[in-house]
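> give me a 3D structure for the following:
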Amino acid sequence: MIKEAYYICERELRHFIRMKIQIISSIVTPIVWLVFFGYSMNIMSSGLGGINTLSVLIGGERSFFLYFLISSLKLTPLQSLVIQNYLGISYLDFFYSGVIGVTVMFACVFSGLSIIWDKRFGFFNKLLVSPIPRFSIMLGKTMYAMIRGIIQGAIILGLSFLIGARIRTGIVGVALALIFMLLLSLGFGAFSMSLGIKLADQEALFGIVNMITLPLFISSGAFMPVESMPSWLQVIAYGNPLTYLVDALRLCLLGGSYSALGLPFSLMDVAPRLIRDLVALSAFTGTFLIIGTILFRGSVK
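The predicted model follows:
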């Protein structure tokens with residue numbers, strides 16, 4: 001079963017590697033978000049010891065603490081900027097975990113197109129009549145989505161670091177972040193495969209995916225903390241699997257309360273929230289793996 005899934009996954013990866021334009025666009029688009037939106041909002045949230053609404057939203061009590069600390073010390077503008085840069089939370093630091101989460105989601109949520117194309121050209125029927133478990137088909141294609149999502153997420157993580165975003169938890173935090181990326185990749189891969197097995201053309205899949213991805217992005221906490229959203233939007237956010245990935249990435253890469261203290265202090269007291277995020281993502285992934293498997297087993301043509 002695993003062997004057959006491996007060959008199906010390898011076939012999908014070979015097809016993806018040949019699509020150079022798709023690879024380039026999947027990397028360039030998140031970088032555009034980071035550079036144009038992340039940097040512009042980063043300027044708005046920074047200052048020489050000042051305080052504004054945006055810095056309060058992303059920094060909370062820390063923003064007030066820094067404001068009063070810098071004011072009481074009567075520092076020069078340069079000294080104030082150095083302290084604020086080290087202890088404060090820039091919008092770029094806050095935002096890049098959201099961009100990574102959305103990159104992972106977009107990398108996986110369109111993977112069901114491969115099934116639609118296989119059905120259109122007759123290859124899917126050959127898979128169904130071949131002496132391999134249908135679960136292997138589902139597993140192989142979902143593994144492809146998972147690998148693609150993790151690779152693209154890791155690339156954006158590396159590029160975010162290069163353009164100025166910070167990782168305050170070291171290699172431990174990066175390893176934890178990759179685990180959460182893997183979970184969401186599996187979940188959205190299985191979700192997309194479930195759509196692909198039921199839909200007859202790619203236009204229908206594009207329509208459904210485009211309809212749900214923007215609300216998922218906006219309500220995920222990528223732009224602002226979930227706690228700062230209106231109550232009705234918070235209800236949507238807590239039912240959004242992407243919310244839990246963004247929260248987990250932020251904790252894994254920046255630390256508790258987006259710590260500036262470094263290891264091991266940055267990962268103190270984050271376990272309860274990470275466990276909550278892990279349970280939510282596991283439930284989402286497990287649900288769609290089961291749904292996808294049932295749909296594959298029920299396929300007749």
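
> low-confidence stretches in this protein?
Under the criterion pLDDT under 70, the flagged ranges of the chain are 1, 39, 42-88, 257-268, 299-301.

> now the strands: where do they sit in it?
When assigned using DSSP state E, the chain turns out to have no strands.

> nearest the middle, which residue of it would you pick?
Compute the mean C-alpha point of the chain, and by C-alpha atoms, centre = their mean the closest residue is Gly101, 1.3 Å away.

> report the contact partners of that residue.
For Gly101, the contact set (C-beta atoms under 8 Å, 6 or more residues apart in numbering) comprises Gly153, Leu184, Ser220, Ala222, Leu242, Leu245, Val246, Leu249. Any C-beta I mention is one placed from the backbone N, CA and C, and that applies to glycine too.

> quick check, nearest of these to Lys141?
Leu184 (16.5 Å; C-beta to C-beta).

> skip the chain neighbours and tell me the closest residue to that closest one.
Take Leu184 and drop its neighbours on the chain: the residue closest to it by C-beta to C-beta, 6 or more residues apart in numbering is Leu245, 4.6 Å away.

> from Phe223, how far out is the residue nearest to the centre of the chain?
12 Å (C-beta to C-beta, to the nearest Å).

> ok, so what distance separates Ser136 from Leu128?
Taking C-beta to C-beta, one finds Ser136 at 11 Å from Leu128.

> between these two, which is the more surrounded one?
Using other C-beta atoms under 10 Å as the criterion, Ser136 and Leu128 rank with Ser136 on top: 21 against 15.

> so the more buried one touches Glu4, yeah?
Yes: using C-beta atoms under 8 Å, Ser136 makes contact with Glu4 at a distance of 3.9 Å.

> re earlier: okay, now the residue nearest to Leu184: neighbour count?
33.

> the one 5 residues further on now?
Residues contacting Arg250 under the criterion other C-beta under 10 Å number 28.

> what of the one 5 residues further on?
The local packing count at Gly255 equals 24, with neighbours defined by other C-beta under 10 Å.

> swap in Lys3?
Neighbour count of Lys3, defined by other C-beta under 10 Å: 9.

> how close does the nearest residue to Arg148 once chain neighbours are set aside get to Asp118?
Among residues not flanking Arg148 along the chain, Ala107 sits closest, at 5.0 Å (C-beta to C-beta, 6+ apart). Noted for Ala107: a distance of 19 Å to Asp118, by C-beta to C-beta.

> which of the two has more residues huddled nearby?
Taking other C-beta under 10 Å, Ala107 and Asp118 do not tie; Ala107 has more neighbours (26 against 19).

> these two touch, right, that one and Ile156?
No: applying C-beta under 8 Å as the test, Ala107 and Ile156 come out as separate, 9.8 Å apart.

> can you give me the helices for the stretch 151-300 of the chain?
Counting by DSSP state H, counting those that start in this stretch, the stretch 151-300 of the chain has helices at residues 170-198, 202-218, 231-238, 241-254, 271-297.

> could you work out the end-to-end span of stretch 215-233 for me?
Start-to-end span of stretch 215-233 (C-alpha to C-alpha, to the nearest Å) is 10 Å.
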